[in-house]
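**Student:** got a sequence here, can you model it:
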Amino acid sequence: MALATEEIVEKKIQPVKQLKIAYIMSRFPKLTETFILYELMALRDEGVEVEIFPLLREKQSVAHPEADRLVRLAHYQPFISLPIIKAHWHYLMKKPWTYLKMLYEVLAGTAGSVNFFFGALGILPKSALFARTMQQLGVDHVHAHFATHPAVAALIIYRLTGIPFSFTAHGSDLHVERRMLDKKVQAASVVVTISDYNKELIIEECGEKFREKIKVIRCGTDLDLFAPPFEKDSETQLRIVCVASFEEVKGHTWLVKACELLKTWGIDFVCHLIGEGPIRRHIEREISEARLDRQFVLHGGLARQDVIDLLRSVHVQVLPSVPTQNGKREGIPVVLMEGMACGLPVISSNLSGIPELVEHERSGILTEPRDYLALAQALKRLYEDKELRRTMGRNGRAKVAEQFDLKKNAKELYRLLALQHTR
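**Tutor:** Numbering: from 1, shown residues only. From the prediction side, this is the model:
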């Protein structure tokens, strides 16, 4: 599925014209969306000029130190301001028909969904100012991360300015509601998604005619930073890690149930949970009710180096993802790439795009969602078979190096965007 040849990905990017790219994302810098941060950093390291336009400022207390220099460059805007009003007046006066058509398209296209309609009302004002700012900066291309509100903002900017845009579709942005997806796909110069699974979803929704427009470019991880330790100690306690925000889709409940079985089987283990989220208190109660307080360590949100240090100290990574009642499901979790890059065998769910990363019985073990017995049996098996852990860990890192290398895939993305400006 890769678009780049070995010759291209091994060299500095050499497009016909060096593009200035504007990135749009929902929040920045968001702790649970580090893949956007590191993609931006990889592009900038290659000399690509990138402007950052977040729809909202992230206010989490823990942020990655690497984000500091990019935060200072980001174009944050309030929901309404005098410059925003002036931007709308500018387009209404200069391009009245274009402006009114855009307004109707966005409001009519999001009607019927409370989330999308009020989200559109929230982003529409600042999108006009983004458009003016991008024109003044000489932006050549707009790229949005996620097919929801960021892609709508990119569409608004395209309608007002004609600046070509693209977007990357990840996971839940396709699985719950797909408002205006067909319009966004039709208007975009190219559509990127992170899995073959997602590509087929988009084609099913928007039509076979868009197959060639939709390209699969994987998210990735930094193989220099996420690397295996020289040697794991030989203690008999099984050390487990789950790196995931506390949301239903991540499946923490089923990990707790699996660990309860491990305890009844007499297995000595500790399970580290990294992340924050809305159901943390609920999971804490489940841990206490299962009398597993001594076996679980909750770290909260951690900066990247702390995550790396913990990944390098454990034996196995678990992410028991599940589809939620409203249809939300994973894309391909970057945290699994990071664990595999550190040489960890992984246990996850046979769901959505995950099997495109985790090869069952080769780099990890896939279980059916919510099957906590199978999850516990997989953990027990890896506890008892150290050689299997090592073999799966080696295979997993090789898989990430082949298809999920951040630097290679960032170059591949830029090459794809540059191609849109040479036709």
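
**Student:** switch to C-alpha atoms for all contacts and neighbour counts from now on
**Tutor:** Will do.

**Student:** got the contact list for the closest residue to A401 other than its chain neighbours?
**Tutor:** Counting by C-alpha to C-alpha, 6 or more residues apart in numbering, L223 is the residue found nearest to A401 once chain neighbours are left out, at 7.1 Å. Taking C-alpha atoms under 8 Å, 6 or more residues apart in numbering, we find L223 in contact with 341, 401, 405-406.

**Student:** what's the answer for T391, then?
**Tutor:** So T391 contacts 362-363 (C-alpha under 8 Å, 6+ apart).

**Student:** try E260
**Tutor:** Neighbours of E260 in contact, by C-alpha under 8 Å, 6+ apart: 290, 292.

**Student:** that one: which element?
**Tutor:** helix 252-264 (DSSP states H and E).

**Student:** before we move on, what about R27?
**Tutor:** strand 20-28.

**Student:** strands paired with that strand, and their directions?
**Tutor:** strand 49-57 (parallel), strand 141-145 (parallel) (DSSP bridges).

**Student:** distance of H88 relative to L43?
**Tutor:** Counting by C-alpha to C-alpha, to the nearest Å, the separation of H88 from L43 is 32 Å.

**Student:** centre of the chain to stretch 313-322, how far?
**Tutor:** 18 Å (C-alpha atoms, centre = their mean, to the nearest Å).

**Student:** ok, back up a step: after the helix holding E260, next one along is what?
**Tutor:** strand 269-274.

**Student:** what packs against that next one?
**Tutor:** Applying 3 or more C-alpha pairs under 8 Å, 6 or more residues apart in numbering; DSSP states H and E, we find strand 269-274 packed against strand 238-243, strand 296-300.

**Student:** S313: what secondary structure?
**Tutor:** coil (DSSP: H, G, I helix; E, B strand; the rest coil).

**Student:** ramachandran angles for it?
**Tutor:** phi -110, psi 0 (degrees, to the nearest 10).

**Student:** neighbours of it, how many?
**Tutor:** Residues within reach of S313, counting by other C-alpha atoms under 10 Å, total 18.

**Student:** and it, how far from E338?
**Tutor:** Taken as C-alpha to C-alpha, the span from S313 to E338 is 13 Å.

**Student:** swap in Q403?
**Tutor:** 13 Å.

**Student:** okay, C271: pLDDT?
**Tutor:** C271 is assigned a predicted lDDT (pLDDT) of 98.

**Student:** what bridges to it?
**Tutor:** I240, F296.

**Student:** count of residues packed around it?
**Tutor:** Neighbours of C271 using other C-alpha under 10 Å come to 23.

**Student:** that one against R294, yeah?
**Tutor:** No: the criterion here is C-alpha atoms under 8 Å, and C271 misses it with R294 at 9.4 Å.

**Student:** can you give me the strands for the stretch 301-423 of the chain?
**Tutor:** 316-319, 346-349, 364-367 (DSSP state E, counting those that start in this stretch).

**Student:** can you give me the helices for the stretch 301-423 of the chain?
**Tutor:** In the stretch 301-423 of the chain, the helices defined using DSSP state H, counting those that start in this stretch lie at 304-311, 334-341, 372-384, 386-403, 406-419.

**Student:** out of these, flag the one nearest L129.
**Tutor:** Closest to L129 of these is helix 406-419 (C-alpha to C-alpha; 23.5 Å).

**Student:** so what secondary structure elements neighbour that closest one?
**Tutor:** Against helix 406-419 (3+ C-alpha pairs under 8 Å, 6+ apart) you get helix 6-9, helix 34-45.

**Student:** any idea which of those is most buried?
**Tutor:** Highest mean neighbour count of those: helix 34-45, a mean of 18 (counted as mean count of other C-alpha atoms under 10 Å).

**Student:** and the angle from that one to strand 49-57?
**Tutor:** Here helix 34-45 runs at an angle of 150 degrees relative to strand 49-57 (axes from the mean of the first three to the mean of the last three C-alpha atoms, to 10 degrees).

**Student:** which helices and strands does helix 34-45 pack with?
**Tutor:** Going by 3+ C-alpha pairs under 8 Å, 6+ apart, helix 34-45 lies up against strand 49-57, helix 406-419.

**Student:** K20 pairs with what?
**Tutor:** E49.

**Student:** how many other residues sit next to it?
**Tutor:** 17.

**Student:** just for the stretch 251-400 of the chain, where's the confidence low?
**Tutor:** By pLDDT under 70, the stretch 251-400 of the chain contains no weakly predicted segment.

**Student:** please name the nearest non-neighbouring residue to R394.
**Tutor:** R394's closest residue in space is G343 (C-alpha to C-alpha, 6+ apart), at 5.7 Å.

**Student:** next, the contact list for that neighbour, please.
**Tutor:** 227-228, 390, 392-394, 396-397.

**Student:** want to throw these into TSV with distance to Y76?
**Tutor:** Listed next are the contacts of G343 as TSV, based on distance: C-alpha to C-alpha, whole Å:
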residue	distance to Y76
A227	35
P228	38
R390	46
M392	44
G393	41
R394	43
G396	39
R397	37
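
**Student:** which of the residues you listed sit farthest apart?
**Tutor:** Longest span within the contacts of G343, C-alpha to C-alpha: A227 and M392, 14.6 Å.

**Student:** the two: who's more crowded?
**Tutor:** Applying other C-alpha under 10 Å to A227 and M392 shows that M392 carries more neighbours, namely 26 against 19.

**Student:** what residues does the more buried one make contact with?
**Tutor:** Neighbours of M392 in contact, by C-alpha under 8 Å, 6+ apart: 343-345, 361-364.

**Student:** and those residues, which two are furthest apart?
**Tutor:** Across these (C-alpha to C-alpha), the longest gap, 14.9 Å, separates G343 and E361.

**Student:** touching, S127 and I156? I think so.
**Tutor:** Yes: S127 is in contact with I156 according to C-alpha under 8 Å; the separation is 6.7 Å.

**Student:** low-confidence stretches in the stretch 101-250 of the chain?
**Tutor:** Those would be 230-234, if you go by pLDDT under 70 across the stretch 101-250 of the chain.

**Student:** and the helices in it, which stretches?
**Tutor:** 114-137, 149-161, 172-175, 181-187, 196-206.
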